[in-house]
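Asks: give me a model of this one.
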Amino acid sequence: MSHSFPIAAGTMLGRILSRFQERLGVAVLAVVLVLSGGVQSAFAHEFKAGDLEIGHPWSRATPTGAKVAGGYFTITNKGSAPDRLVSISSDVSDKAELHEMGVKDGVMTMRPVAGGLEIPAGGKVAVAPGGYHLMFIGLKRQPKQGETFSATLTFEKAGPVSVDFAVEGLGGGTDDHAN
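Replies: Modelled structure (predicted):
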C-alpha cells in the first residue's frame, strides 16, 4: 500500500525537496555526459603550443583501399607576433602536406602550400574542407570512425606540438567544428 503526503510548496521541507530534485537532475546529466564521452571530447580536444591554440583536429574515416585522408582544425594565435605552420608529420601516413583548395574560372583546384601557413597575431585560421587542409598521403592504415591518430604540427616560432585527430564518419564534420 502506498501513501503520499502532501507537502506545501512554500514550506521549508518543500523547498529542500525541490532543490534536491534540481541537483539530482544536474548530477544525473553530468554522469550521462561523462559516460557518453561528451565531456571528455569537449574538453580534451584542444592543444597548445606557445601562444597558439589548436582546436578540434579531426579527419574523416576512409573507405578500404584509400591512399589519402584529410585533416582539419582551427589555429588561434593569442600572441602579438605572427607564427607559421611549417610542417606536419603523422604515424598514420608516409607523409603529410598542407594543401589549399580553391575555385578559379569555375574549376576547382587543389595545390600544396609552399612556405607554410601564416597564423596572424591575434588571428584565427581555419584548416577546413573547401580551403586550407592537410593531406595524409600514403596511408599506413585506414582511419576508422571513433578512433584517433597522432600527428605533429611544427610551427616556426612555437615549435612542434603533438595533436590527436578524432576520426569522424565518411561524410561527417563539415560544418560542426568551425570554432
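
Asks: give me the residues contacting the longest strand along the chain.
Replies: In the chain, with assignment by DSSP state E, the single longest strand is strand 93-104. Strand 93-104 has contacts (CB atoms under 8 Å, 6 or more residues apart in numbering) with 68-69, 71, 85, 88-90, 108-113, 116-117, 127, 130-140, 151. Every C-beta, even on glycine, is put in place using the N, C-alpha and C of the backbone.

Asks: kindly supply the PyMOL command isolating those of these that are buried.
Replies: Command for PyMOL that selects the buried part of the contacts of strand 93-104, burial taken from 16 or more other CB atoms under 10 Å:
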select buried, resi 69+71+85+88+89+90+116+117+127+132+133+134+135+136+139+151
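
Asks: inside strands: which ones of the contacts of strand 93-104?
Replies: Per DSSP E, the subset of those in strands is 68-69, 71, 85, 88-90, 108-112, 117, 127, 132-139, 151.

Asks: any idea what the residue lying closest to P143 once chain neighbours are set aside is bridged to?
Replies: Spatial nearest neighbour of P143, excluding adjacent residues (CB to CB, 6 or more residues apart in numbering): V167 at 4.4 Å. Applying DSSP bridges to V167 gives these bridge partners: S59.

Asks: for the protein, what helix or strand is lowest in average pLDDT?
Replies: None of the helices or strands of the chain scores lower by mean pLDDT, DSSP states H and E than helix 38-43, at a mean of 39.

Asks: right, and the helix or strand after that one?
Replies: Sequence-wise, the next helix or strand downstream of helix 38-43 (DSSP states H and E) is strand 46-49.

Asks: can you give me the buried ones in that following strand?
Replies: Quick answer for strand 46-49 (16+ other CB under 10 Å): 46-47, 49.

Asks: so which elements touch that strand?
Replies: strand 52-60, strand 159-168 (3 or more CB pairs under 8 Å, 6 or more residues apart in numbering; DSSP states H and E).

Asks: model confidence for the residue most central in space within the chain, exactly?
Replies: A centroid search over the chain (CA atoms, centre = their mean) returns H56, at 1.5 Å, as the residue closest to the centre. With respect to pLDDT, H56 scores 96.

Asks: also V103?
Replies: For V103, pLDDT reads 87.

Asks: then the one 3 residues further on?
Replies: According to the prediction, G106 has pLDDT 90.

Asks: do the same with I119
Replies: At I119, pLDDT is 98.

Asks: beta partners of the nearest residue to it once chain neighbours are set aside?
Replies: Leaving out its chain neighbours, the residue that sits closest to I119 by CB to CB, 6+ apart is N77, at 4.5 Å. According to DSSP bridges, the residues that bridge with N77 are L52.

Asks: could you verify my assumption that N77 touches E118?
Replies: No - counting by CB atoms under 8 Å, N77 sits too far from E118 to count as a contact (9.3 Å).
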